[in-house]
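In: please find the sequence and the predicted model below.
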Amino acid sequence: MRKPLILLSTVLLAVALLLANVAWWMDSQVIDDDAFIESAVTVLNQPSSRDAIATIVVERLVEEIRVLMLVDDLLVDVFSELLGTPQLQDVLVLVSEELHQRMVNGETGPVVMDLEPYREILLAPVEAISPELADSVPESWFHSVEVLEGGAMPDLSAVAEKGLSVAIAAAVIATALVVLILAATDRWVVRLGAIGTSFLVGGGLSALAVPAGAETVQAVTAGTSRGVLVV
């Protein structure tokens, strides 16, 4: 009777540890706004992320002024460089805050940014090409630049509400299962083997969870500038 009980407890312990690890990580690194924004700004400062944001901004400009299609690649490179400057770091913070708020609150609408404070900086490359083109950009355009379309970000509102509770409950259950395994046998080899296996399996699956999630999202959104931001 003890052997099936120990085997079942070992499996359940691995599952409980997996749930506790993932739920704790989600709560501390994704749901927590400060941690998320700090990580997101670091990632958005990478060249590929800056290129993605610059591409989106240029796409919006081209929709407004079709002739800019002739120099859109040049503008993407210039805007990407601008996003890496101290003057535009606040833009990356704003994007990170908007992305986090959408995920945590479960809002499905588009992410729209107010770039009016950065109008002169962003228009400088266009003005360098042609002052007339820069003057043709409506002032209202900078008040509502769509960075991501509606429904692009995952809805984590349920995780935000219950994630910490799940982590605590799973940790309590894991502790109880460890006690059960210790009580079910007097042999330390069996105890260490069962508990060690659970930690190895649960920890290993936890370590794979985040990369697997990122790869899944990347496969779904492959080939788009917005996909880079979502990942």
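Out: Okay, I see it.
In: helices or strands next to the top helix by length along the chain in the packing?
Out: Ranked by number of residues, the top helix in the chain under DSSP state H is helix 188-220. Packed against helix 188-220, as judged by 3 or more C-beta pairs under 8 Å, 6 or more residues apart in numbering; DSSP states H and E, are the following elements: helix 2-25, helix 157-184, helix 225-230. Glycine gets a C-beta too; all of them are placed from N, C-alpha and C.
In: where does the chain dip in pLDDT?
Out: By pLDDT under 70, the weakly predicted segments of the chain are 1, 221-226.
In: what does stretch 97-112 contact?
Out: 30-31, 33, 36-37, 40, 95, 113, 144-158, 160, 229 (C-beta atoms under 8 Å, 6 or more residues apart in numbering).
In: quick one: buried residues of that stretch?
Out: For stretch 97-112, a neighbour-count test (16 or more other C-beta atoms under 10 Å) marks Glu98, Leu99, His100, Arg102, Met103, Val104, Glu107, Pro110, Val111 as buried.
In: just the residues you listed: which are in helices?
Out: Those of these lying in helices (DSSP H): Glu98, Leu99, His100, Arg102, Met103, Val104.
In: nearest to Ser49 among these?
Out: Nearest to Ser49 among those: Leu99, at 11.5 Å, using C-beta to C-beta.
In: what comes into contact with stretch 182-194?
Out: Arg2, Leu5, Ile6, Ser9, Thr10, Leu13, Ile181.
In: of these, which pair is most distant in space?
Out: Arg2 and Leu13 (15.5 Å).
In: between the two, who's got more neighbours?
Out: Using other C-beta atoms under 10 Å as the criterion, Arg2 and Leu13 rank with Leu13 on top: 25 against 9.
In: before we move on, back to that, show me just the buried residues among the contacts of stretch 182-194.
Out: Buried subset of the contacts of stretch 182-194 (neighbour count, 16+ other C-beta under 10 Å): Ile6, Ser9, Thr10, Leu13, Ile181.
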